[in-house]
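Enquirer: need a structure here:
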Amino acid sequence: MLLETSHWKEYALLDSGDGLKLERFGNYVFVRPESQAMWKRSFDNNWNQAHAVFQPTGEESGGHWDFKKKVDEKWEMKYDLSLPPSELKFWTMTTPGRHLGVFPEVAVHWDWFSGLIAQANAPRRESV
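Expert: Next up, the predicted model:
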């Protein structure tokens with residue numbers, strides 16, 4: 001079974017291959033290592049348009065970002081849910097461990113949880 005979500009507006013996997021992935025998080029494009037991307041990447045010029053490229057070191061999740069363009073220290077992203085509360089908001093930022101503070105591949109779980117919450121028909125508590 002393949003679980004997919006179509007509710008992302010501020011995230012996109014633009015391309016992948018050669019051990020890398022090219023992704024858009026909000027208004028920024030990043031190149032990050034991806035060991036499972038064993039195929040050849042496309043020859044698209046988008047790879048040259050990245051705001052930052054993560055340069056790994058020998059440690060498990062060590063390395064640093066090589067910034068090609070200005071990137072805010074943190075920025076807000078949103079994800080549209082199919083059911084109430086209708087939208088998730090979160091802060092995104094570069095980290096020393098190649099992550100950006102959100103894992104887009106788990107969005108299908110957010111959709112699933114929102115369905116369970118809606119079915120529960122119980123009062124909601126929102127946190128800031």
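Enquirer: Could you use CA atoms for every contact and neighbour count after this?
Expert: OK.
Enquirer: Closest to the centroid, which residue in this structure?
Expert: In the chain, the centroid-proximal residue (CA atoms, centre = their mean) is residue 104; its distance is 4.1 Å.
Enquirer: thinking it is in contact with residue 11, fair?
Expert: Yes - contact criterion CA atoms under 8 Å: residue 104 and residue 11 qualify, at 7.3 Å.
Enquirer: wait, what's in contact with the residue nearest to the centre of the chain?
Expert: Going by CA atoms under 8 Å, 6 or more residues apart in numbering, residue 104 touches residue 11.
Enquirer: and residue 89, bridged to which residues?
Expert: residue 78 (DSSP bridges).
Enquirer: do you know how far it is from residue 67?
Expert: The gap separating residue 89 from residue 67 is 25 Å, by CA to CA, to the nearest Å.
Enquirer: Residue 37 too?
Expert: 23 Å.
Enquirer: try residue 119
Expert: 45 Å.
Enquirer: For these two, indicate the residue with more neighbours.
Expert: The residue with more neighbours, out of residue 119 and residue 67, is residue 67; 13 against 9, by other CA atoms under 10 Å.
Enquirer: where along the protein do the helices fall?
Expert: For the chain, the helices defined by DSSP state H cover 107-120.
Enquirer: Would you mark the buried spots in stretch 89-97?
Expert: For stretch 89-97, the buried set under the neighbour-count rule, 16 or more other CA atoms under 10 Å, comprises 92, 94, 97.
Enquirer: So what's the gap between that stretch and the chain middle?
Expert: 9 Å (CA atoms, centre = their mean, to the nearest Å).
Enquirer: Tell me, how many residues neighbour residue 63?
Expert: Residue 63, neighbours per other CA under 10 Å, totals 16.
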